[in-house]
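Asks: sequence and predicted structure, then a few things I'm wondering about:
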Amino acid sequence: MTESEAESYRILVVDDEPDVEPLMLQRMRRHIRSGRYSFVFAQNGVEALEVLNSDPDIDMVVSDINMPRMDGLTLLSQIAELNPDLRAVIVSAYGDMKNIRTAMNRGAFDFVTKPLDFDDLQVTIERTLENMKAWKEALSSRDKLVSLQRELDVASQMQQSILPTQFPRGDDFEVFGSMEPARNVGGDFFDVVLLDDGEIGLAIADVSGKGVPAALFMMSSRTLLKGSAIGLTEPGKVLREVNNLLAEDNESAMFVTVLYAVYNPATGHLAYANGGHNLPVIFHGDGSSSVLPYTDGLALAVLSGVEFVEGEITLAPGDTLVLYTDGVTEAMDSENVEFGMDRLQTVFAGGAPQSAEAANEAVFAAVREFVAGAPQSDDITCLTLRRGGAQG
Amino acid sequence: MELKSTREGTNLIVDVEGRVDGTNAMDFQSALEDAIQQSDQGVIMDMGQLQYISSAGLRVILLVAKSLQKQNAKLLGCALSESVREIFAISGFDKIVPVHESRADALKALED
């Protein structure tokens, strides 16, 4: 048994429905028996606070929103004051974006929707616990003098814990993302957010700087982006809101480049705004490619009050949109030659990718082949959206 | 990365050569901070010989621009190569650091 498997976590579940307790104990029995999880239950926010006050060993909270006496959103605000290290996951009705958004803005780490899918809940719990662990280590590293390597390890755990591991797909679209972290620098992340009316928010980002401060900055960027994406349908407004929040008191002058897009799977319509990030490439069904048209913007957290111009395109069936970070285009071979845009745009000259995952892998393979073993100096990240259907 | 500076009146002109990335951004920062004086009214960064700047390098430029702002001084860029100009345009940093064709244009902009 490895060290991480031996760790055990205490989870408080808050729900006013009496069925939840026996169901949770039954469905999570394997993880309870192995000692990884132990559960405590409360029926509303008031009871939950009483439990949190009397049981200091609780690591995370899974809470319903609508409950008598004190609802989940009020509970979240209270938790933030009680113990900012506690992580909370919100359970809400499907499509209840307004409440989900409020929950994210009040510091919820993530959300799951009803009816509860326990496999999905378990994946979410694991990600949340991993993030909490990395966060605690990051805070203690920030306060202590730690070795640079140790600090970079903590930052890298933090980064891994916020990346989605499951991707939405439908009859006529698929999404896939992956990152190959650099050994010692890096600040890339991506996110995929399910929005109202079946739309999908796609974000790719690169934080300047490295180590624990950059990881903490990345964490705030990700949470603010997710919270703003839910409920604000226009990408330009999402970036404007996140930028204004990040730009407040940013003495460290860290910044993050973000490309945020909202995709409508029914129509193929894609609206986007750009906060100083590399422009994505669209690979067409016939093997040709184009770059998403430039729209005016600025890296986030640099200057408050900036407006982000919105662009829009419609993906044709068979089109593949690849969002990437400069780790792809600026990957260098042993002679310091960059991979560059031209090579990226011709990765699929021999034929359009047949799936989002295949497209991602082909880009990574092309970069790997090009650098031929030269050391990787930056994270390499790709997030791919493919519109299925007839080939163009 | 090589950094050379010359002074013209109350303005400082800094020549940056080579590459600025995560491996030497700290050196870039301390070299700039050493070169800049409290009395400087304007700082012109001549990037004619700058081949590449990464986000770590842009962050140093942002830090310098912020601290110059506090002493009511300006930071300008000039003579950017095609690739560096593109980095400034895509990241939007040309909004933070106004970019001019030549050193003479930048000096003229400081006089206006």
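Replies: Thanks, I have the structure now. Numbering: from 1, shown residues only, chains lettered A, B, ... in the order given.
Asks: what about the closest residue to chain B within chain A, how many residues nearby?
Replies: Closest residue of chain A to chain B, C-beta to the nearest C-beta: A:Leu298 (3.0 Å). All C-beta atoms are positioned from the backbone trio N, CA, C, and that covers glycine. When neighbours are defined as other C-beta atoms under 10 Å in any protein chain shown, A:Leu298 has 23 of them.
Asks: kindly report the same for A:Leu12.
Replies: Neighbours around A:Leu12, by other C-beta under 10 Å: 22.
Asks: phi, psi of the spatially most central residue of chain B?
Replies: When C-alpha atoms, centre = their mean is applied to chain B, the residue found nearest the centroid is B:Met45 (3.3 Å). Per-residue torsions, B:Met45: phi -100, psi 110 (degrees, to the nearest 10).
Asks: which parts of chain B are strands?
Replies: Ranges of strands within chain B are B:2-8, B:11-20, B:42-53, B:74-78, B:99-100, based on DSSP state E.
Asks: what's the answer for the stretch 251-392 of chain A, then?
Replies: Using DSSP state E, counting those that start in this stretch, the strands assigned to the stretch 251-392 of chain A run over residues A:256-264, A:269-275, A:281-283, A:289-291, A:310-314, A:320-324, A:380-387.
Asks: and the angle from the second one to strand A:256-264?
Replies: So that's strand A:269-275. Between strand A:269-275 and strand A:256-264, the angle comes out at 170 degrees (axes from the mean of the first three to the mean of the last three C-alpha atoms, to 10 degrees).
Asks: how about the strands of chain B, which one is nearest B:Ser30?
Replies: B:Ser30 sits nearest to strand B:2-8 of all those, at 9.8 Å, using C-beta to C-beta.
Asks: okay, that closest one in PDB with CA atoms only?
Replies: What follows is strand B:2-8, C-alpha atoms only, in PDB (Å, rounded to 0.1, in the frame of the first residue of the first chain):
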ATOM      1  CA  GLU B   2      22.800  41.300 -22.400                       C
ATOM      2  CA  LEU B   3      21.700  44.700 -21.000                       C
ATOM      3  CA  LYS B   4      23.500  48.000 -21.700                       C
ATOM      4  CA  SER B   5      22.300  51.400 -20.700                       C
ATOM      5  CA  THR B   6      23.000  55.000 -21.600                       C
ATOM      6  CA  ARG B   7      21.600  58.200 -20.300                       C
ATOM      7  CA  GLU B   8      20.300  61.100 -22.400                       C
END
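Asks: tell me who's in contact with A:Lys114.
Replies: A:91-94 (C-beta atoms under 8 Å, 6 or more residues apart in numbering or on different chains).
Asks: again, but for B:Asp46
Replies: With contact set as C-beta under 8 Å, 6+ apart, B:Asp46 has these partners: B:13-16, B:78-79, B:103.
Asks: which among those count as buried?
Replies: Neighbour-count burial (16 or more other C-beta atoms under 10 Å in any protein chain shown) applied to the contacts of B:Asp46 gives B:13-16, B:78-79, B:103.
Asks: in those, find the pair that's most separated.
Replies: The span of the buried ones among the contacts of B:Asp46, defined through C-beta to C-beta, is set by B:Val16 and B:Arg103 at 12.8 Å.
Asks: was I right about A:Asp333 contacting A:Gln376?
Replies: No - contact criterion C-beta atoms under 8 Å: A:Asp333 and A:Gln376 do not qualify, at 11.4 Å.
Asks: these two: who's more crowded?
Replies: Legend: neighbour count by other C-beta under 10 Å for A:Asp333 and A:Gln376, higher for A:Gln376 (20 against 14).
Asks: quick one: end-to-end distance for stretch B:37-44.
Replies: Start and end residues of stretch B:37-44 are separated by 13 Å (C-alpha to C-alpha, to the nearest Å).
Asks: where along chain A do the helices fall?
Replies: A:3-6, A:20-27, A:29-33, A:45-54, A:72-82, A:97-105, A:118-143, A:148-162, A:211-229, A:235-247, A:326-329, A:340-345, A:356-371 (DSSP state H).
Asks: and A:Thr320, how many neighbours does it have?
Replies: 27.
Asks: and B:Asp34, by the same measure?
Replies: B:Asp34 has 10 neighbours, counted by other C-beta under 10 Å.
Asks: can you tell me how far it is from B:Val14?
Replies: 11 Å (C-beta to C-beta, to the nearest Å).
Asks: restrict stretch A:179-190 to CA atoms and write it as PDB.
Replies: Extracted C-alpha coordinates of stretch A:179-190, given in PDB (Å, rounded to 0.1, in the frame of the first residue of the first chain):
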ATOM      1  CA  MET A 179      -0.900  18.900 -20.200                       C
ATOM      2  CA  GLU A 180       2.700  17.800 -20.100                       C
ATOM      3  CA  PRO A 181       4.200  19.700 -17.200                       C
ATOM      4  CA  ALA A 182       7.700  21.000 -17.500                       C
ATOM      5  CA  ARG A 183      10.200  19.900 -14.800                       C
ATOM      6  CA  ASN A 184      10.600  23.200 -13.100                       C
ATOM      7  CA  VAL A 185       8.700  26.000 -14.700                       C
ATOM      8  CA  GLY A 186       5.000  26.200 -15.600                       C
ATOM      9  CA  GLY A 187       1.700  27.700 -14.900                       C
ATOM     10  CA  ASP A 188      -0.600  26.300 -17.600                       C
ATOM     11  CA  PHE A 189      -4.100  25.200 -16.900                       C
ATOM     12  CA  PHE A 190      -7.300  24.600 -18.700                       C
END
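Asks: is B:Leu50 in a bridge, and if so with what?
Replies: Beta-bridge partners for B:Leu50, by DSSP bridges, are B:Gly18.
Asks: my guess is it meets B:Asp21, correct?
Replies: No - under the criterion of C-beta under 8 Å, B:Leu50 makes no contact with B:Asp21, lying 11.3 Å away.
Asks: in terms of neighbours, single out the busier of those two.
Replies: Taking other C-beta under 10 Å, B:Leu50 and B:Asp21 do not tie; B:Leu50 has more neighbours (24 against 19).
Asks: for the more buried one, give its distance to chain A.
Replies: In this view, B:Leu50 and chain A are 15 Å apart by C-beta to the nearest C-beta, to the nearest Å.
Asks: who in chain A is up against chain B?
Replies: Residues of chain A found near chain B (C-beta under 8 Å from any C-beta of the partner chain) are A:185, A:187, A:206, A:208-210, A:253-255, A:257, A:275-279, A:294, A:296-299, A:302-303, A:306, A:326, A:330, A:377-378.
Asks: buried subset of those residues as a ChimeraX selection?
Replies: To isolate the buried members of these in ChimeraX, using 16+ other C-beta under 10 Å:
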select /A:185,187,206,208,209,210,253,254,255,257,275,276,277,278,279,296,297,298,299,302,303,306,326,330,377,378
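Asks: what's the pLDDT at the closest residue to B:Lys4 other than its chain neighbours?
Replies: Spatial nearest neighbour of B:Lys4, excluding adjacent residues (C-beta to C-beta, 6 or more residues apart in numbering or on different chains): B:Asp15 at 4.6 Å. Here, the pLDDT recorded for B:Asp15 equals 97.
Asks: OK, contacts around B:Asp15?
Replies: B:Asp15 is in contact with B:2-6, B:46, B:48-49, counting by C-beta under 8 Å, 6+ apart.
Asks: ok, of those, which come out buried?
Replies: Among the contacts of B:Asp15, those classed as buried by 16+ other C-beta under 10 Å are B:3, B:5, B:46.
Asks: excluding its backbone neighbours, what's nearest the second one?
Replies: Spelled out, it's B:Ser5. B:Ala35 (4.2 Å).
Asks: distance of the one you found from chain A?
Replies: 18 Å.
Asks: residues touching that residue, list them.
Replies: B:Ala35 sits next to B:3, B:5, B:12, B:14 when contact means C-beta under 8 Å, 6+ apart.
Asks: my guess is the first one contacts B:Phe28, does it?
Replies: By that I understand B:Leu3. Yes - with contact defined as C-beta under 8 Å, B:Leu3 counts as touching B:Phe28 (7.0 Å).
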